[in-house]
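# Have a look; sequence and predicted model below, questions after that.
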Amino acid sequence: MKIISINYKINGRAVSRDIPTNQMLVDLIRNTERLLGTKVSCDQSVCGTCTVLVNGEPRTACSTFSFEIDNCDILTIEGLANGDKLSAVQEAFLNSSAFQCGYCTPGMIMLATSLLEQEANPDEKSIRRWMGANICRCTGYKMIIEAVQSVTGTKS
Amino acid sequence: MIKSLQIQRTYKNIPEFNLYKPNNINEVSKFLGKFGENCNFMAGGVDLLQDLKLGLKIDNLIYLKSVPELNAIKMVDDTIRVGACVTHRSFEINPIINKFLPSLAKEWSNVGNIRIRVVGTIGGNILTNDPNYDVTPALAALNSVAHYSHINGSDRIPVIELNRKRPPGFLTAIEIPIRNNLAFSMNRALKPYVNLAISATVDSDSIQEIRVGIGCAFSTPLLIGLTDILNISALNLKEQVIKIAHEFIDKLPNPIDDVFASASYRRRMIGVLLADQILFLAGRK
């Protein structure tokens, strides 16, 4: 097995690991870190269910090699809440019932979090364009958009 | 049982490989010299990863994101030099691109989606040579030149010709020449049937030096220059432009004819987009 050493922070915790060169980030997160909130669906970088933040940018963990996160800061859905206190985006999704089956929800919340980190007050068009990167097969898009708007205070 | 299934989904086809992280272009060149054709380069990996999942086997992967020179955008005299590994997102929000080519930056905010834009690179988009991709027609219309390193040295090759001519190697940068009164417009609304980019010199009286980059419609992107000089204030400008567009599409080779669109539809839409874009640059839209 061809192994390399990487260092990263995941949800604020510094980690050093030896990993196979061909390992995918989602396997590192789920199988090694045992953080099961990050889901896999299409496995082709299309649906966005496995979205996590790498240095604040939304990345598809199913199509990112683990070696790419060397010296990076990784944030998964488990890293958003502060103890029992949910993040503003998590709270908004809950209050807006922005999920049905819930499978896309971790990816959607991470995607929305990255938007709000880069743009404090996005208008509806910007929210739709950004959030359009991920797919909800239950088609609960209206509530998802409303949840993001409620965080920014632009919900009509 | 569950663990084995989890491993199978992404490890299934991706082989183990030797990973190298060069720190500068010289080191990249040394790896190319050492491994020759058995050398695979990756920056964003958008297409490479899918190819690997579909069974592509590689032995040596050179990871280019560790090379700062390949990831920068800078102004060199009258040219914007874009490192090959600059992502679509960096390109879209870069101050130099926004200053000199605001319409290109604006259009780039619509390429792919944000997850793709933060990973996919300008160079990768060109080298993948997918006729549906956007960089080649856009940068070809802007008369851009690629800097390409290979085993025997390096060449400057017009972007439109790069994939026809290149030996095994890697792209280092793309140069976009900037001139006074340079105008650019791109319409991607009819993807995947056709997309069309044009650049021109536009002043208060005329529009000229029109260069047209066409994607999606042919097996490889096309670049065609127009010699017409149009008087912007002419009362019959629209009629002139429509005539030029008709003559333009009559001279084109046969477009792709597939389940998405017939060849005749694509040809017609090229004409529509061309007329639309010229009138837009002339301030008539």
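Great, that's in hand. Numbering: from 1, shown residues only, chains lettered A, B, ... in the order given.
# drop to CA atoms for contacts and neighbour counts, all remaining ones
Noted.
# Quick check, pLDDT for residue 83.
Looking at chain A here, since you left the chain open. Residue A:83 carries a pLDDT value of 92.
# actually it's chain B I care about, not the one you picked
Residue B:83 carries a pLDDT value of 98.
# what's across from it in the sheet?
With beta bridges defined as DSSP bridges, residue B:83 has these partners: residue B:173.
# can you count the residues close to it?
By other CA atoms under 10 Å in any protein chain shown, 26 other residues sit near residue B:83.
# what stretches of the chain score poorly on pLDDT?
Here I'm looking at chain A. For chain A, the stretches with pLDDT under 70 are A:154-156.
# that answer is for a different chain, and I need it for chain B
In chain B (pLDDT under 70), the answer is B:1-12.
# The same query, at a cut-off of 50, please.
B:1, B:7 (pLDDT under 50).
# Run through the residues that contact the closest residue to chain A within the stretch 101-250 of chain B.
Of all residues in the stretch 101-250 of chain B, residue B:113 sits closest to chain A, at 5.1 Å by CA to the nearest CA. Shown in contact with residue B:113 (CA atoms under 8 Å, 6 or more residues apart in numbering or on different chains): A:129-130, A:132-133.
# Out of those, which sit inside strands?
If you go by DSSP state E, the contacts of residue B:113 have nothing in strands.
# And the residues you listed, which is closest to residue A:42?
Residue A:42 has its nearest neighbour among the contacts of residue B:113 in residue A:133, at 13.4 Å by CA to CA.
# Identify the residues contacting residue B:94.
residue B:73.
# What is the neighbour count of residue 63?
Reading this off chain A. Neighbours of residue A:63 using other CA under 10 Å come to 24.
# my question was about chain B
21.
# same check, this time on residue A:41
Counted with other CA under 10 Å, residue A:41 comes out at 14.
# follow-up on the earlier one: identify, from the contacts of residue B:113, the entry nearest to chain B.
Nearest member of these to chain B, counting by CA to the nearest CA, is residue A:133, at 5.1 Å.
# what's the closest non-adjacent residue to the closest one?
Distance criterion CA to CA, 6 or more residues apart in numbering or on different chains; nearest residue to residue A:133, sequence neighbours excluded, is residue B:113 at 5.1 Å.
# before we move on, what about residue A:113?
Ranked by CA to CA, 6+ apart and with sequence neighbours excluded, the top spatial neighbour of residue A:113 is residue A:89, at 6.6 Å.
# Surely that neighbour touches residue A:145?
No: the criterion here is CA atoms under 8 Å, and residue A:89 misses it with residue A:145 at 11.3 Å.
# got the contact list for residue B:172?
Counting by CA under 8 Å, 6+ apart, residue B:172 makes contact with B:70, B:83-85, B:146-149.
# Go through chain B and flag its longest helix.
Ranked by residue count under DSSP state H, the longest helix found in chain B is helix B:263-281.
# List the buried residues in that helix.
Buried residues in helix B:263-281, counted by 16 or more other CA atoms under 10 Å in any protein chain shown: B:263, B:265-271, B:273-279, B:281.
# May I have the distance across stretch A:21-29, first residue to last?
Across stretch A:21-29, the terminal residues are separated by 15 Å (CA to CA, to the nearest Å).
# As CSV, the contacts of residue B:113 with distance to residue A:42 would be great.
Shown next, in CSV, are those (distance: CA to CA, whole Å):
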residue, distance to residue A:42
A:129, 21
A:130, 19
A:132, 16
A:133, 13
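# List buried residues within those.
Burial by neighbour count, judged by 16+ other CA under 10 Å, picks out A:130, A:132-133 from the contacts of residue B:113.
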